[in-house]
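**Student:** Sequence first, predicted model second:
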Amino acid sequence: MMTQDAGAIHDLSDLCVLVVEDSWDVGTGLKMLLESWGAVVSGPAATTADAVRLVSERTPDVALVDINLRDGEQSYCLINQLHDQGIRVVVISGYADVSPSAGKVVAVLQKPIREDVLIASIRPVTVK
């Protein structure tokens, strides 16, 4: 559970984060956590089509992207597209053997994700 002090330490005000995750529990949990840190969150999107639509509405600073999405869809093409648009990508996965395209992602985080590891992977974006 987050405390107010932890929220102040993890100030992500003015940061827009796209969450691409097909698990409702994980996606909603990430959204609530990031919003408690001050981020504006798009999603969670359960498919690449949903993610592309959200990006067209508002370009995120960083995207948290699960590899395995709804109905067996994988997000490798989405990761490439986000990278090509200049959006930083952090992969989140429950599998240890994910291999996104080299140089396309800033980090690969294993679920369950520790808060300190999550904040460290997205914090460099806040330095502008």
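**Tutor:** The structure has been received and is ready for your questions.
**Student:** Quick check: Val89 touching Tyr76?
**Tutor:** No - using Cβ atoms under 8 Å, Val89 makes no contact with Tyr76, being 10.8 Å away. Glycine gets a C-beta too; all of them are placed from N, C-alpha and C.
**Student:** residues near the nearest residue to Val40 once chain neighbours are set aside, how many?
**Tutor:** Among residues not flanking Val40 along the chain, Cys16 sits closest, at 4.8 Å (Cβ to Cβ, 6 or more residues apart in numbering). Look at Cys16: counted by other Cβ atoms under 10 Å, it has 18 neighbours.
**Student:** Check Val117 too.
**Tutor:** Here the count is done by other Cβ under 10 Å, and Val117 has 12 residues near it.
**Student:** Pretty sure it sits in a helix.
**Tutor:** Yes - assessed with DSSP: H, G, I helix; E, B strand; the rest coil, Val117 lies in a helix.
**Student:** Tell me the buried residues in stretch 38-45?
**Tutor:** Across stretch 38-45, burial judged by 16 or more other Cβ atoms under 10 Å covers Ala39, Val41, Ser42, Gly43, Pro44, Ala45.
**Student:** Inside strands: which ones of those?
**Tutor:** If you go by DSSP state E, the buried residues of stretch 38-45 have Val41, Ser42, Gly43, Pro44, Ala45 in strands.
**Student:** who's in contact with the first one?
**Tutor:** I take that to be Val41. Neighbour list for Val41: Cys16, Val17, Leu18, Val19, Leu30, Lys31, Leu34, Glu35 [criterion: Cβ atoms under 8 Å, 6 or more residues apart in numbering].
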